[in-house]
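In: Structure for the following, please:
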Amino acid sequence: MNKKENLQMIADISNANGAPGFEDDVVKEIRKYAEGLGELSEDSLRNIYINRKENKGGRPMVQLDAHSDEVAFMVQAIRPDGNLRIIPLGGWVTSNIPAHKVWVRNAKGEYIPGITASKPPHYMTEAERKKPLEFSDITVDVGATSKEEAEKEFDIRIGEPVVPDVSFSYDEKHDLMVGKSFDCRLGCASIISTMKELSGEELSVDITGACCSQEEVGTRGSQLTCRKIKPDIAIVFEGCPADDTCVEPYMVQTALKKGPMLRHIDAKMITNPRYQRFALDLAKELSIPVQDAVRSGGSTNGANIHLSGEGVPTIVIGVPVRYAHTHYGISSYADYENGVKLAVEILRRLSADIISGF
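Out: Numbering: from 1, shown residues only. All right, here's what the predicted structure looks like:
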């Protein structure tokens, strides 16, 4: 794998603005990096499909899945003072939202800067200081002084997306990537890296990569992709919330720099145990570091994919992301690379007989 090229791809895909339902800019970057891998197509939800050029038909179909959207907001209303009322798109903790830079798309399709704001402590009552921050108390300030100015001078209109304003960076010395939307732009990049690694190889399966829209608002895009692709087996790439800073040491199962995480269960999928064990045993055989986890909450596009058709064996290969569902994520490139390595080796070994055994 070409690390320099992969980091540039991750940067470009991560930096692209892509609130749920507004993934166009992300799709544009994915198209750029997937060029030459096969036939590219889209549907009305802005799911993008990469049909491997070496596909022959008549063989088991593998779906490589990731999602292209990010947790974000939408403009709900414009207040008389010019500040914007917003609603969340995806799961946020309200206390993490204020005092950050964001981009607000306006009526011209331009992204203009704004700040997430809440009432200053100087003007809070004692009761307000003590109570939890309500989402309705959070606004976005683009600098307007009235509703009229927001509309006429800033071209603000309701229904437009608002996304974090964060630029990707990489610390070579400590192998740390910092940026936004690692959940799940790292997955989108993983699909492309995996297909590039296998380019020109003869396999026993066909492969279609699908970067899905609207995962953060109910795994909606994958409901369509699995019906279209009709997979026999699937690999879901994710940017999984790291737990190494927030649980007891003995419970850590998704730590940075310990390899990708393969989950046995989450809130909406019990991972096919035979396929899961195949992947874990292969990682051990090839000395690819991995972490296996048991999760009581959360879910992925695997929730839809594994119940599609007549049932689809599905595993999740997740790159640990510290502080997922906030403006900033921290991940290790080594974990990304090892996730791709594992996926590549799985795909080299899959066949109709092996899949039927799952």
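
In: Now the element after the worst-scoring helix or strand of the chain on mean pLDDT, going C-ward?
Out: Least confident helix or strand of the chain, by mean pLDDT, DSSP states H and E, is helix 126-130 with a mean of 88. The helix or strand immediately downstream of helix 126-130 is strand 139-141, counting by DSSP states H and E.

In: Give me the distance from the helix or strand that that following strand is followed by to the chain's centre.
Out: Past strand 139-141, further along toward the C-terminus, the next helix or strand under DSSP H and E is helix 147-152. Offset of helix 147-152 from its chain centre (C-alpha atoms, centre = their mean, to the nearest Å): 34 Å.

In: List the buried residues of stretch 166-181.
Out: Across stretch 166-181, burial judged by 16 or more other C-beta atoms under 10 Å covers 166, 168, 170, 175, 176, 177, 178, 179, 180, 181. Quick note: C-beta positions are derived from backbone N, CA and C, even for glycine.

In: Surely the fifth one touches residue 170?
Out: This points to residue 176. Yes. Counting by C-beta atoms under 8 Å, residue 170 is a contact partner of residue 176 at 7.2 Å.

In: and for the two, which residues touch both?
Out: Counting by C-beta atoms under 8 Å, 6 or more residues apart in numbering, residue 176 and residue 170 have no common neighbour.

In: Mind exporting the C-alpha coordinates of the least confident helix or strand of the chain to PDB?
Out: Output of helix 126-130 as PDB, limited to C-alpha atoms (Å, rounded to 0.1, in the frame of the first residue of the first chain):
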ATOM      1  CA  GLU A 126     -27.800  29.900  38.800                       C
ATOM      2  CA  ALA A 127     -30.500  27.400  37.700                       C
ATOM      3  CA  GLU A 128     -29.400  27.600  34.000                       C
ATOM      4  CA  ARG A 129     -25.800  26.900  35.000                       C
ATOM      5  CA  LYS A 130     -26.800  23.800  36.800                       C
END
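
In: gap between it and the chain center?
Out: Mean-position distance between helix 126-130 and its chain equals 36 Å (C-alpha atoms, centre = their mean).

In: With stretch 144-161 instead?
Out: The answer for stretch 144-161 is 30 Å, by C-alpha atoms, centre = their mean.

In: Check stretch 10-29 too.
Out: How far stretch 10-29 lies from its chain's middle: 10 Å, per C-alpha atoms, centre = their mean.

In: so which of the buried residues of stretch 166-181 comes closest to residue 65?
Out: residue 181 (16.4 Å; C-beta to C-beta).

In: what residues are up against the closest residue to the closest one other than its chain neighbours?
Out: Nearest residue to residue 181, sequence neighbours excluded (C-beta to C-beta, 6 or more residues apart in numbering): residue 70, at 3.6 Å. Contacts here follow C-beta under 8 Å, 6+ apart; on that basis residue 70 touches 18, 19, 20, 90, 163, 164, 180, 181, 183, 185, 216.

In: The second one contacts residue 73, doesn't it?
Out: Yes. Because the distance of 7.3 Å satisfies C-beta under 8 Å, residue 19 is recorded as touching residue 73.

In: got any residues that touch both of the two?
Out: 89, 161, 162, 163.

In: Same list (the residues you listed) but as a markdown table, adding distance to residue 255, pLDDT and neighbour count.
Out: Converted to a markdown table, the shared contacts of residue 19 and residue 73 look like this (distance: C-beta to C-beta, whole Å; pLDDT from 0 to 100; neighbours: other C-beta atoms under 10 Å):
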| residue | distance to residue 255 | pLDDT | neighbour count |
| --- | --- | --- | --- |
| 89 | 29 | 98 | 22 |
| 161 | 33 | 98 | 24 |
| 162 | 32 | 98 | 26 |
| 163 | 28 | 98 | 25 |
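
In: of those, closest to residue 196?
Out: Out of those, the member with the shortest distance to residue 196 (by C-beta to C-beta) is residue 163, at 27.5 Å.

In: For the closest one, give me its contacts.
Out: Residues near residue 163 by C-beta under 8 Å, 6+ apart: 17, 18, 19, 70, 72, 73, 102, 103, 111, 180.

In: give me that answer again for 10 Å
Out: 16-19, 22, 25, 69-73, 89, 102-105, 111, 180-181, 327 (C-beta atoms under 10 Å, 6 or more residues apart in numbering).

In: before we move on, the earlier item: the least confident helix or strand of the chain: which residues count as buried?
Out: By neighbour count on 16+ other C-beta under 10 Å, the buried set for helix 126-130 is empty.
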